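Undergrad: sequence below, structure please.
(2 chains)
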Amino acid sequence: MASNPMQQFTVHRIGPEIKIADIDLSFTNASLFMVISASVILLLLFFGSKEKKIIPDKIQLISEMLYIFVAKMISDTAGSKAKPYFPFIFSLFMFVLFCNMVGMLPYSFTVTSHIIVTLIMALFIFIAVTIIGFIKHGFKYLSIFIPSGVPTILLPLITVIEIISYLSRPVSLSVRLFANMMAGHTMLKVFGGFVVSLGILGGWLPLSFSVALTGLEILVAFLQAYVFAILTCIYLNDALNLHH
Amino acid sequence: MKSFLIYLAAFFANNYFLFAAEAGMPQLDPTYWASQAFWLILVFTILYISISRFYLPKIKDNLNNRENKIKEDLENANKLKEQAEIKLKEYELILKNAKKDVSKIHFESKNNLDKDIKFKKDKIEKEIENKVVKAQKEIKEFKKNSINSIKTISGNIASEIIKNITGDKLNESSIKAAVEDVSKEGISKYL
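TA: Below you'll find the model as predicted:
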């Protein structure tokens, strides 16, 4: 009766098989929901910036609030030097947010619940931030591994820890988002299964849990997008403003 | 914790992935990893380019426009307020001057009026006095005249009466003397 709660994460091919050099690049349900999320973002921004009203309507207000929200987040964490990266962080935040939110709709697919997706984003951020750091500071960027004010005896140990923590950034960044999304959706599915299996008599308790969890998951969907974006800002800040 | 274990699993061999996928984690099935990576990069690149090229500048423009408009409006409002204050001061000054003028005019006209009234009153009083004096004189004259005419009339009447009674005509001067005599005693009683 109760289907496998992990079944919602299966990726399956939609349409013809596309193979380039023996690599399967077929359009899947994951690709479909990426396209849907991106389209929703673009539509929102299109209608939000179409009419340049002095007194904004609702949709314009939403897109302006998102703009101000991300702009403030960047200037608070990474300062004015991070301004050129604003479009990237805005796109990243919007993409993660809308993938998470679209995933909350019943029968939809959560793109960010796949480790490969979050890992690619995290690795891209990690590599880009490292390159930016080396471009801005040259080899002085390596001083990020040597915190100031550390006793000389502890320095080798601290440096090793710093290097490990630096290298684990993409892991923590990607796993945090992926695990949160997967766990939340699995939990919703499990409680949904309880509702069905306990029937009309006993199903009310898990149903109320499901309702509460849906609210919680919407909060998590926003929060994880925010965390993903703000951690990107913090990593960017490390690369732009080298501490001494 | 669970997620961390899942991530650790990702580091193991490909066989292990397949095992994990069969065990119930479709995320660890590498069949569509390349496809997901490809579509993610494609979709995100398109999203990034259209957001950074078209939408963010538009939204930024719009926000800047609004800020400028608000700033401009505030400046205008301040300017107008200053002007209004200046006008108010001018108005108050004019009002003050006008009040001063009014009291001055009031005072002057009152003085003039008082003077005029006094002058006219004096004139009228003098006229009345003159008239009174004149009237008194006239009365005196009239009295005098009336005594004379009474004397003449009573003389005539007396001579007529004597003529009728006696049939003689008396000497006029004697009659006159007699009337004079009587009137000396009695006429002052009637006048």
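Undergrad: drop to CA atoms for contacts and neighbour counts, all remaining ones
TA: Noted.
Undergrad: hang on, residue A:209 packs against residue A:192?
TA: No. Counting by C-alpha atoms under 8 Å, residue A:209 does not reach residue A:192; the two are 9.1 Å apart.
Undergrad: the more surrounded of these two?
TA: residue A:192 (20 against 15; other C-alpha atoms under 10 Å in any protein chain shown).
Undergrad: residue A:199 versus that one, what's the distance?
TA: Using C-alpha to C-alpha, to the nearest Å, residue A:192 is found at 11 Å from residue A:199.
Undergrad: and chain A, which of its residues are near chain B?
TA: Residues of chain A lying near chain B by C-alpha under 8 Å from any C-alpha of the partner chain: A:6-7, A:9-11, A:23-28, A:30-31, A:34-35, A:38, A:42, A:45-46, A:48-49, A:52-54, A:63-64, A:67, A:87-88, A:91, A:95, A:113-117, A:120, A:175, A:179.
Undergrad: one more time with 7 Å
TA: Contact residues (C-alpha under 7 Å from any C-alpha of the partner chain) of chain A with chain B: A:6, A:9-10, A:23-26, A:30-31, A:34-35, A:38, A:45-46, A:49, A:52, A:54, A:64, A:87-88, A:91, A:114-117, A:175, A:179.
Undergrad: from the residues you listed, which land in helices?
TA: Counting by DSSP state H, the part of the residues of chain A next to chain B found in helices is A:30-31, A:34-35, A:38, A:45-46, A:49, A:64, A:87-88, A:91, A:115-117, A:175, A:179.
Undergrad: so which bits of stretch A:9-27 are buried?
TA: A:9-11, A:13, A:24-27 (16 or more other C-alpha atoms under 10 Å in any protein chain shown).
Undergrad: now stretch A:194-202
TA: A:194-196.
Undergrad: by proximity to chain B, which residue of chain A wins?
TA: For chain A and chain B, the shortest gap (C-alpha to the nearest C-alpha) falls at residue A:25, measuring 4.0 Å.
Undergrad: would you mind measuring from that residue to residue B:96?
TA: From residue A:25 to residue B:96 the distance is 90 Å (C-alpha to C-alpha).
Undergrad: re earlier: of the residues of chain A next to chain B, which qualify as buried by neighbour count?
TA: With neighbours counted by 16+ other C-alpha under 10 Å, the residues of chain A next to chain B contain buried members at A:6, A:9-10, A:24-26, A:30-31, A:34-35, A:38, A:45-46, A:49, A:52, A:64, A:87-88, A:91, A:114-117, A:175, A:179.
Undergrad: and residue A:44, what's its pLDDT?
TA: Taken from the predicted model, the pLDDT recorded for residue A:44 is 88.
Undergrad: do the same with residue B:17
TA: Reported pLDDT at residue B:17 in the predicted model: 46.
Undergrad: tell me which parts of chain B are close to chain A?
TA: So far as C-alpha under 7 Å from any C-alpha goes, chain B lies against chain A at B:3, B:7, B:24-27, B:32-40, B:43, B:47-48, B:51-52, B:55, B:58-59, B:62, B:66.
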